[in-house]
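**Student:** structure of the sequence below:
(one chain, ligands or ions: 1)
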Amino acid sequence: MKIGITCFPTYGGSGVVATELGKELAARGHEVHFISYALPFRLDGFHQNIVFHEVELPDYPLFEDSLYSLSLTSKMVDVVLYDELDILHVHYAIPHASSAYNAKLILNEQGRDIKIITTLHGTDITLIGLDPTLLPLVRFSIDKSDGVTAVSRFLREKTLTNLGLDREVEVIPNFVNVDQWRPQDATRLREQFAPNGEKVLVHASNFRPVKRVVDVVRVFAQVREKVPAKLVMVGDGPDRAEAERLCRELEIVADVRFLGKQDALPEILSASDLFLMPSQSESFGLSALEAMACGVPVLSSSVGGLPEVNVHGTTGYISEFGDIDRMARYAIELLTEPKRYARFSAAARDRAVKNFSADDVVPQYERYYAKILAGG
Ligand code: GMT
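**Tutor:** Sure, this is the predicted structure:
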């Protein structure tokens, strides 16, 4: 099959999922064409069967705002025609679904049919997609997609209710390559993080307000009073400065390391004991799944699709969003009971392998492509 994939190329779960899907599809013999304004950051190295098409923007003084969504449409038309794509699969509805629908209209005029699949990831439905400046277009372009998938049952329900849609939305969960994301020997890194054998708590995100990184610091501060522990913060974003300020205020700077953006996440996770995800909104929680695949239990909030990933009392614990005391209690419980911890760690890895491995989930996309191409 020849598949065009459009996603945001920068840091962010939807771009990660799209890129990993493209790599997995290419490894299965499909021809994959990425169409975006920059090379997706996880598309490192050379990959057989993968081509990247950069969307160039017109440079004209009259256009004060970016015309990206229009240039994207034009590039989609070109790639569909000249690389003879079978399907266009866009990740994150805004603006990709409407760009793809415009491309479909243009191609139809030329007697060329192209099927469009839109995968919904989260805030395209739960937040920015509801903004009155975008809502009519988001609703229309999702409705006009030949196929629509959502990364969790929660997001499927939100799509239908928030947008008032009555259409089929297939749930295909996010996935991990469980050979790459697995417990590794990270003894040396652990010694660096925790030279005196302290427990290591870890958080990884884009530090946007929705991730509640300040809650991460507050939970850690409580845990540290009962258990010798260190906190490792991976990623960067608008709330990093506030989290750093809070560490200074709480006088825990010596026990917290802000690493910024990092590539070696499987190793960092393998050197950690507990992953914290106290988010305010999360349609799935891909980084929680990555932690689980590395055998790291997750302490998360109960919002959105998180309970579909993290099973309370088995792979970690779930608390009401904002309930810092409860999260800290759960963390202390797990970190001080070695037998229970070992059970949770094994169950986290087991759940990732059995429910969310690329080998199981990618064929779900392949079957869905086939169904849509057959007019289903
Ligand atoms: O929707 C967003 O905020 C952006 C998106 C992204 O690109 O990071 O994140 C969403 O998609 C991820 C991949 O499917 C999910 O794991 C995240 O839970 C989801 N974020 C939110 O729902 C806030």
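**Student:** burial count for residue 53?
**Tutor:** Residue crowding around residue 53 was assessed by other CB atoms under 10 Å; the count is 17. All C-beta spots, glycine's among them, are computed from the backbone N, C-alpha and C.
**Student:** for residue 64, grab the count of nearby residues.
**Tutor:** Residue 64: 5 surrounding residues under other CB under 10 Å.
**Student:** for it, give me phi and psi.
**Tutor:** Geometry field for residue 64 lists phi and psi as phi -70, psi -40, criterion degrees, to the nearest 10.
**Student:** so where's the stretch 251-376 of the chain shaky on pLDDT?
**Tutor:** In the predicted model of the stretch 251-376 of the chain, residues 376 satisfy pLDDT under 70.
**Student:** for it, what spans make up the helices?
**Tutor:** For the stretch 251-376 of the chain, the helices defined by DSSP state H, counting those that start in this stretch occupy 265-270, 286-293, 306-309, 324-336, 338-355, 358-373.
**Student:** quick one: which of these is nearest residue 215?
**Tutor:** Set against residue 215 and scored by CB to CB, the helices of the stretch 251-376 of the chain come closest in helix 324-336, at 5.8 Å.
**Student:** give me the buried positions along the closest one.
**Tutor:** Residues 324, 327-332, 334-335 are the ones in helix 324-336 that count as buried (16 or more other CB atoms under 10 Å).
**Student:** just the angle for that helix relative to helix 338-355, thanks.
**Tutor:** Taking axes from the mean of the first three to the mean of the last three CA atoms, to 10 degrees, one finds helix 324-336 and helix 338-355 inclined to each other by 100 degrees.
**Student:** got a list of contacts for helix 324-336?
**Tutor:** If you take CB atoms under 8 Å, 6 or more residues apart in numbering as the criterion, helix 324-336 is touched by 199, 201, 215, 218-219, 222-223, 226-227, 229, 273-274, 276, 278, 297, 299, 316-317, 319-320, 340-341, 344.
**Student:** out of the residues you listed, list just those in strands.
**Tutor:** Using DSSP state E, the subset of the contacts of helix 324-336 located in strands is 199, 201, 229, 274, 276, 299, 316-317, 319.
**Student:** tabulate those residues (JSON lines), appending neighbour count.
**Tutor:** Listed next are the ones in strands among the contacts of helix 324-336 as JSON lines, based on neighbours: other CB atoms under 10 Å:
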{"residue": "199", "neighbour count": "22"}
{"residue": "201", "neighbour count": "28"}
{"residue": "229", "neighbour count": "22"}
{"residue": "274", "neighbour count": "28"}
{"residue": "276", "neighbour count": "30"}
{"residue": "299", "neighbour count": "26"}
{"residue": "316", "neighbour count": "30"}
{"residue": "317", "neighbour count": "23"}
{"residue": "319", "neighbour count": "20"}
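**Student:** tell me which of the buried residues of helix 324-336 is nearest to residue 306?
**Tutor:** The shortest distance between residue 306 and any of the buried residues of helix 324-336, using CB to CB, involves residue 327 and amounts to 12.7 Å.
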